[in-house]
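> This is a predicted model, with the sequence first.
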Amino acid sequence: MEKKILKSFIACVLLALWSCSTPKDITYMQGFNDLASQEVTMPSRITVQPDDKISIIVTSKDPALAEVFNLAIAQYRIGTTQGYTSESKVGSFTVDPSGNIDYPLLGSLHLSGMTRHEVADMVKHRIITANLLKDPIVTVEFLNASVSVLGDVNKPGEYPIDRDDMTILQAIAKAGDLQITGMRNNVLVVREEDGRDVAYRIDLTNTASIMESPVYYLRQNDVVYVEPNNTRKRQATANGNTALNPSFWLSFISVVTTVCVLIFK
């Protein structure tokens, strides 16, 4: 009987020590040491998709000739009696479900699947070919491209894609990084592909898992979800983490020690 109690006491001590050990699923890109290299998935720039809003600005040595290509919308100042002002800003084109826009003088342009640089080159070529301008400079920008970062991060929300090749690590940085209770080894990315939502999993603690993933470079409308670990999930219940609390084990060990002293005395 005494041996069984002693074994139980030792097991409790070992369990308490194990619970205090340093977790290994916190550090990003483990094993990626100095001067190490890692293959990265093919660089992927965001492309025009239906419902995207884009701006296309044409400039030239002759601003008057270029202005006809630029949509202008009146700027409305809320709270003023003037209403619409004489100030204006370049408007946006909304890509229709078929991937097209209706562009001044050039008519319908199919943009779906093109990068912004490809759109700029096409518009420039069409303008020159039609002898509308000799020296157009075309600038294209995405206006509503964004990703959503949800779950156990410090600042969940929707974030604009401010570069053509934003990575998942950059998106997580915008969201203030994962909280300490976020599961870094099982991050979910949901992406719409061919009318279906496709789920991808990434292990942020594994360098290859990150950089070789097809979602290493994010696209507009991607959703990144960080699942909380079991400790965080148990916080939803009144006493969910009691058994993992160090004070609980200290109290338990104290009781067991007292019992052992009384038995072996």
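Thanks, I have the structure now.

> When you work out contacts or count neighbours from here on, use the C-alpha atoms and nothing else.
OK.

> Can you give me the neighbour number for Asp194?
Neighbour count of Asp194, defined by other Cα atoms under 10 Å: 7.

> Residue numbering should commence at 53 henceforth.
Got it, first residue is 53 now, which makes that one Asp246.

> give me phi/psi at it?
Torsion angles at Asp246 (phi, psi; degrees, to the nearest 10) stand at phi 50, psi 40.

> what pLDDT does it get?
Per-residue pLDDT puts Asp246 at 86.

> Show me which helix or strand of the protein is least confident by mean pLDDT.
When the helices and strands of the chain are compared on mean pLDDT, DSSP states H and E, strand 136-142 comes out lowest with a mean of 48.

> which helices and strands sit right next to the following helix or strand past it?
Later in the chain than strand 136-142, the nearest helix or strand by DSSP states H and E is strand 145-146. Contacts defined by 3 or more Cα pairs under 8 Å, 6 or more residues apart in numbering; DSSP states H and E place strand 145-146 against strand 105-111, strand 152-155.

> hmm, 7 Å instead?
Here strand 145-146 touches strand 105-111, going by 3 or more Cα pairs under 7 Å, 6 or more residues apart in numbering; DSSP states H and E.

> buried stuff in the very next helix or strand once past the strand it packs on?
Moving toward the C-terminus from strand 105-111, the next helix or strand (DSSP H and E) is helix 115-119. Within helix 115-119, the residues that qualify as buried are Ala118, counting by 16 or more other Cα atoms under 10 Å.

> In this structure Asp154 contacts Asp148, no?
No - look at Asp154 against Asp148 with Cα atoms under 7 Å: they stay out of range, at 9.3 Å.

> So between the two, which is more surrounded?
Higher neighbour count among Asp154 and Asp148: Asp148, with 17 against 14, using other Cα under 10 Å.

> and the gap between the more buried one and Phe84?
44 Å (Cα to Cα, to the nearest Å).

> can you check Ile254 too?
16 Å.

> Have a look at these two and say which one is more surrounded.
Ranked by neighbour count (other Cα under 10 Å), Ile254 and Phe84 place Ile254 first, with 23 against 14.

> give the contact list for the more buried one.
By Cα atoms under 7 Å, 6 or more residues apart in numbering, the contact list for Ile254 reads Asn237, Asn238, Val239, Leu240, Ser261, Ile262.
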